[in-house]
Every structure is written in C-alpha cells, then in structure tokens.
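*Asks:* Here is my input; please provide its structure:
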Amino acid sequence: MEQKVTIPTSLADLTLDQYMRFMLCKEESEDDLYLAQKAVEIFCDVAPEFVRHIQRNQFNELAQQIKEVLEEMPDLITTFELDGVRYGFIPDMDKMSIGEFTDLSDLMADIDQLEQYMSILYRPITDEKGTQYLIEPYDARLFPLKNMPLNIAISCNVFFWKLASDLLNDTQNYGKQLATDKTIQAKFPQSFKVDGNGTTQLTNSLDMTLQNLMKSLTKMYMPLYINLPT
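*Replies:* Down below sits the predicted model:
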C-alpha cells in the first residue's frame, strides 16, 4: 500500500486541528501503542490501514520523530497570517475585559473548544505599525483557526504556564516571608494570621488558584507527550 507520508520536523508543520483530533484519541485511551499509531496517522496525515502496514522499525522512527516535535517549547508568537488574514495576540493582557477573561477560563482545557479559545487570544489585526498593532474588539466570534500552525497555539500555553509558575513561586516565597516577618504579619487582620504550616490563608488561596490554572494548562497541552511502545 503506497501513500505519501508527510513527516513533521517542527510544530510549525502541524495544525491545531490535528492536535485536537489526537487529544480526543488520548481521552479515549492511554494505551501507548494505540496512541503512537494515532500520532503517526494524524500527524503524518496517513490512513489507519497504511499505519498498520508500516514496518516496525520505520514505525518507531516515525513515532520518535513525532515525539521530539511534540516536545518543543516555543516562545510566545504574537502575530501570524492565515488564509490572507493577519492575526494578533491580545496586545495588552492588563486591559482584557471581564468577558474575555471569563470565557477563557470557561474554555480552558476543553479540547472541543480550543478553536474558540484561540479565537479569543488571537483576533484579526485592524492596525499595525512595526511591532505595535491593534486587534478587533472581543465579541465572542469564532474565527477559522483550526488550521493555525500548532507552534503558535503551543506558544500561548508555554507563555501562560511559565507566567503561572513564576507567580506561584513568588507567592510561595512571599508566604515564607510572612511566616518570619512579624512587621508584615501585623498588617494583616486576625483572619489572615500565619497558620501552623507557616503560610497564610491568603497565600494558600493564591497558591490554589495558580495550581488549578497550571493543571488546566497542563491538561490542555502538556499531554502531547507520548510514550513509545516497547
């Protein structure tokens, strides 16, 4: 059985749609061999029957290549062009509306809604001068982003994951400082006094929020990693 095989060499060779299809397979099964077969089928764009006829050594080489590609951790990509339309990442996160924030939180980690999720983060650019740009206002529209390069989508997750990780570390370090600095402790009401573990209710709450965010981000993208069958 002959078929053209497209072997990806980077995340830029893959699409959000392929990723979504693979992640739905991962929700169905955690079997290593099954997932490796689906990875080759989806990311190399070949038929299931073709995969079944690949020699084992060639199959393992393909699966290893895909595994290495999926382990890329790209820096945030703020602009890109797709089907003649230039898209830009939200240029000022501090000015995000409550609607944007709420919808992002609701859609996060829902594989079926990743295109909608990306439609909030990346919207058509309305004005651009050098590295500065403006994007269309948020109105919950769904832009056709299923074919966006996967490296761009992954770069968002890496950006948010690193941000949440840094904030979590800062919060935990601040909690330790509170536990030893009586001057700082005196500024908090009794309900926020240091507990037996050397943290405060306030830092505990922030820790929990950031940990939940990181879990959602991990569920969204980090499970891309696949184990090769032995």
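
*Asks:* where along this structure do the helices fall?
*Replies:* Assignment of helices within the chain using DSSP state H yields the ranges 16-28, 32-43, 48-52, 56-70, 98-107, 114-121, 150-180, 182-185, 201-220.

*Asks:* by how many degrees do the fourth one and helix 32-43 diverge?
*Replies:* Calculated by axes from the mean of the first three to the mean of the last three C-alpha atoms, to 10 degrees, helix 56-70 forms an angle of 70 degrees with helix 32-43.

*Asks:* from the middle of its chain, how far away would helix 56-70 be?
*Replies:* Distance of helix 56-70 from the chain centroid (C-alpha atoms, centre = their mean, to the nearest Å) equals 22 Å.

*Asks:* How about residue 63, nearest residue that isn't a chain neighbour?
*Replies:* Spatially, and ignoring its direct neighbours in sequence, residue 63 is nearest to residue 36 (4.5 Å; C-beta to C-beta, 6 or more residues apart in numbering). In short, each C-beta sits where N, CA and C put it, glycine included.

*Asks:* and stretch 73-89, which residues are buried?
*Replies:* 74, 77, 78, 79, 80, 82, 87, 88, 89 (16 or more other C-beta atoms under 10 Å).

*Asks:* centroid residue for the protein?
*Replies:* residue 157 (3.0 Å; C-alpha atoms, centre = their mean).

*Asks:* What score does it have for pLDDT?
*Replies:* As predicted, residue 157 sits at a pLDDT of 81.

*Asks:* Worst mean pLDDT across the helices and strands of the protein, which element?
*Replies:* Within the chain, no helix or strand scores below helix 182-185, which has a mean of 51 by mean pLDDT, DSSP states H and E.

*Asks:* How about the contacts made by residue 97?
*Replies:* Applying C-beta atoms under 8 Å, 6 or more residues apart in numbering to residue 97 gives the contacts residue 138.

*Asks:* what bits of the chain have low per-residue confidence?
*Replies:* Applying pLDDT under 70 to the chain picks out residues 1-2, 164-230.

*Asks:* and residue 156, how far is that from residue 123?
*Replies:* 13 Å (C-beta to C-beta, to the nearest Å).

*Asks:* re earlier: reformat the buried residues of stretch 73-89 into CSV and put distance to residue 150 next to each item.
*Replies:* Listed next are the buried residues of stretch 73-89 as CSV, based on distance: C-beta to C-beta, whole Å:
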residue, distance to residue 150
74, 9
77, 11
78, 16
79, 16
80, 12
82, 12
87, 15
88, 18
89, 15
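
*Asks:* Now intersect those with the strands, please.
*Replies:* Cross-referencing the buried residues of stretch 73-89 against strands under DSSP state E gives 79, 80, 82, 87, 88, 89.

*Asks:* Now for the fourth one: which residues touch it?
*Replies:* It refers to residue 87. Per C-beta under 8 Å, 6+ apart, neighbours of residue 87: 79, 80, 81, 122, 123, 124, 125, 135, 143, 145, 148.

*Asks:* again, only this time at 10 Å
*Replies:* 78-81, 118-119, 121-125, 133, 135-136, 143, 145, 148, 152 (C-beta atoms under 10 Å, 6 or more residues apart in numbering).

*Asks:* Now list the buried members of those residues.
*Replies:* For the contacts of residue 87, buried by 16+ other C-beta under 10 Å: 78-80, 118-119, 121-123, 125, 133, 135, 143, 145, 148, 152.

*Asks:* Can you pull the domain assignment for this protein?
*Replies:* 11-70, 79-135, 150-223 (automatic domain parsing).

*Asks:* partners of the nearest residue to residue 78 once chain neighbours are set aside in the sheet?
*Replies:* Nearest residue to residue 78, sequence neighbours excluded (C-beta to C-beta, 6+ apart): residue 89, at 4.4 Å. Under DSSP bridges, the beta-bridge partners of residue 89 are residue 122.
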